[in-house]
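Peer 1: Structure, please.
(one chain, ligands or ions: 1)
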Amino acid sequence: MFWNPKIECMPVEDLKKLQYDELKSLVTKLYESNQFYHDRMEAHGVKPKDITCIEDISKLPFMYKQDLRDNYPTKMFTVPNNQVVRYHVSSGTTGKPTLVGYTRGDLDYWTEALARSLTSAGLGTDDVLQVCYGYGLFTGGLGLHYGGEKVGATVLPSSTGNSERQIELMMDLGVTAIACTPSYFIHLMDVAKKMGVSLKNDTKLRIAFLGAEPWSESMKKKIEDETGIETFDIYGTSEQGGPMFTDCPCHKGIHISADIMYIEVIDPDTEEILPPGQKGELVVTMLKKEAFPLVRYRIKDMTEIITEPCECGRTSPRIARITGRSDDMLIIRGINVFPSQIEYTLMQIPEVGDQYMIYVTRDGALDNMVIQVEIKAEAFSDNMEDMLKLRAHIESALKKYLNIAVKVELKAPGELPRFEGKAKRVIDNRVI
Ligand code: DLL
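Peer 2: Down below sits the predicted model:
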């Protein structure tokens, strides 16, 4: 199902032309009217006239999170304040927050992007969408809210927390679709179980838009097997404007609306552009943004571009599931480890529950990683020998996949923390 078939199925060459037109006018406007962009382009020795095709984007300088911090709160805005109709603020967990301003036009194309994504997943006027992303400074709640209303679904703005009430409402109102972080969905699955509710049999839930944090393919399988719903991977960042893009029912990568965002993947160390199919760091250019543009912004998410045509008929490029951020990568005794690799391995072990925590410490010169793993109620036992065997099995699976020895501690069901928003599963206590 398409929301905007003309754009979504536009021949690739036409899309490139459209992207070029948008880029050219964006760069010209920024060079002429914004000090930051003007100075940055001058320092890089590039002028708008040097951009003659979309591929010339590679001549432009990169932008970094630090640029946004240095220009906080509004120095990067490129419209007068009286045209700004909304603010969102990024969480700022890795430093000073970023303030994102929206014009009415920015809100319109954000909602349009979501309308395309939600429609592709089959959301429509007969659906009830429960939005359990936080409403407020975070973009998740309001983004999904307006996207859901745009496609005519009935939106239940339940936000996070009060999980038993969430399950009751889900049943009472015949909720068919839900949007939240994967970790909150897993928590809701737990709570439903404790209430004696089967999400599969006692609710009408059929689709979920899960994102805002990395989650593995094996976590997806686990959720789908247990609940019988179809999950979609929803992606976006505050700087881009919020959640915007999902995979389609083919589930072979997240479709990126090419008229809205231009994507590149680079080697994070050399900044060299990588070809499709090679994993690196995502760089985004927002082609339609008015209040707070981004040109070649290094978003730090690790993925690869997929250009093979999708069976759904959309011609937009796709990105593979985000495996983490280049700055989330843990270097343990010289070996690169992404938390998503740990999740992937754990979720394939049938006895393992849904919750885990990763602790890293440094003992002298040696890094140590301890992974606490909750075991499913039916697999948890008082028999010490069985538990030791299971622990050895998990440790050996992790060693095989990660190439480093890690220590595993088994935890009883319910012992580890639950998360209502984004999960924080890595505690790195190393003092560097
Ligand atoms: O998380 C926006 C969002 C809201 C996305 C609701 C999806 C749904 P930020 O708080 O700025 O914005 O965090 C953005 O979260 O750079 C990724 O590292 C991570 N992230 C977002 N979506 C996914 C996903 C929102 N589907 C940061 N898979 C991004 C993996 C994701 N990581």
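
Peer 1: C-alpha only now, for contacts and for neighbours.
Peer 2: Fine.

Peer 1: I'd assumed Asp301 was in contact with Arg325.
Peer 2: Yes. Between Arg325 and Asp301 there is a contact under C-alpha atoms under 8 Å: 4.2 Å.

Peer 1: Find residues that contact each of the two.
Peer 2: Glu281 (C-alpha atoms under 8 Å, 6 or more residues apart in numbering).

Peer 1: and the residue of the stretch 301-432 of the chain nearest the ligand?
Peer 2: At 4.6 Å from the ligand, Ile322 is the closest residue in the stretch 301-432 of the chain, using C-alpha to the nearest ligand atom.

Peer 1: does that residue really touch Ile299, like I thought?
Peer 2: No. Counting by C-alpha under 8 Å, Ile322 stays clear of Ile299, with 11.6 Å between them.

Peer 1: More neighbours: which of those two?
Peer 2: Taking neighbours as other C-alpha atoms under 10 Å, Ile322 and Ile299 compare with Ile322 leading, 23 against 18.

Peer 1: Got the phi and psi for the more buried one?
Peer 2: phi -70, psi 130 (degrees, to the nearest 10).

Peer 1: Run through the residues that contact the residue lying closest to it once chain neighbours are set aside.
Peer 2: Nearest-residue entry for Ile322: Thr303, 5.2 Å, with adjacent residues in sequence omitted and distances by C-alpha to C-alpha, 6 or more residues apart in numbering. Contacts for Thr303 (C-alpha under 8 Å, 6+ apart) come out as Val265, Lys279, Gly280, Glu281, Leu282, Ile319, Ala320, Arg321, Ile322, Thr323.

Peer 1: do that again at 7 Å, thanks
Peer 2: Shown in contact with Thr303 (C-alpha atoms under 7 Å, 6 or more residues apart in numbering): Lys279, Gly280, Glu281, Leu282, Ile319, Ala320, Arg321, Ile322, Thr323.

Peer 1: so the nearest residue to Thr345 once chain neighbours are set aside is in which element?
Peer 2: Among residues not flanking Thr345 along the chain, Leu398 sits closest, at 6.4 Å (C-alpha to C-alpha, 6+ apart). Leu398 is part of helix 384-402 when elements are defined by DSSP states H and E.

Peer 1: Contact partners for Arg206?
Peer 2: Contacts of Arg206 by C-alpha under 7 Å, 6+ apart are Thr176, Ala177, Ile229, Glu230.

Peer 1: residues contacting the first one?
Peer 2: Going back to what we said before, that points to Thr176. Shown in contact with Thr176 (C-alpha under 7 Å, 6+ apart): Asp127, Val128, Leu129, Lys204, Leu205, Arg206, Ile207.

Peer 1: Most neighbours among the contacts of Thr303, which one is it?
Peer 2: For the contacts of Thr303, the largest number of neighbours (other C-alpha under 10 Å) sits with Ile319, at 28 neighbours.

Peer 1: So that one is in contact with Glu304, correct?
Peer 2: Yes. Proximity of Ile319 to Glu304 meets the contact threshold set by C-alpha atoms under 7 Å, at 5.6 Å.

Peer 1: pLDDT below threshold where in the chain?
Peer 2: For the chain, the stretches with pLDDT under 70 are 91-95, 432.

Peer 1: elements contacting the helix holding Leu398?
Peer 2: helix 339-346, strand 407-411 (3 or more C-alpha pairs under 7 Å, 6 or more residues apart in numbering; DSSP states H and E).

Peer 1: can you do 6 Å?
Peer 2: Packing contacts for helix 384-402, counted by 3 or more C-alpha pairs under 6 Å, 6 or more residues apart in numbering; DSSP states H and E, involve no helix or strand.

Peer 1: What residues does the chain have near the ligand?
Peer 2: Residues of the chain lying near the ligand by C-alpha under 6 Å from any ligand atom: 90-91, 139-140, 211-214, 233-238, 242-243, 301, 322, 324-325.
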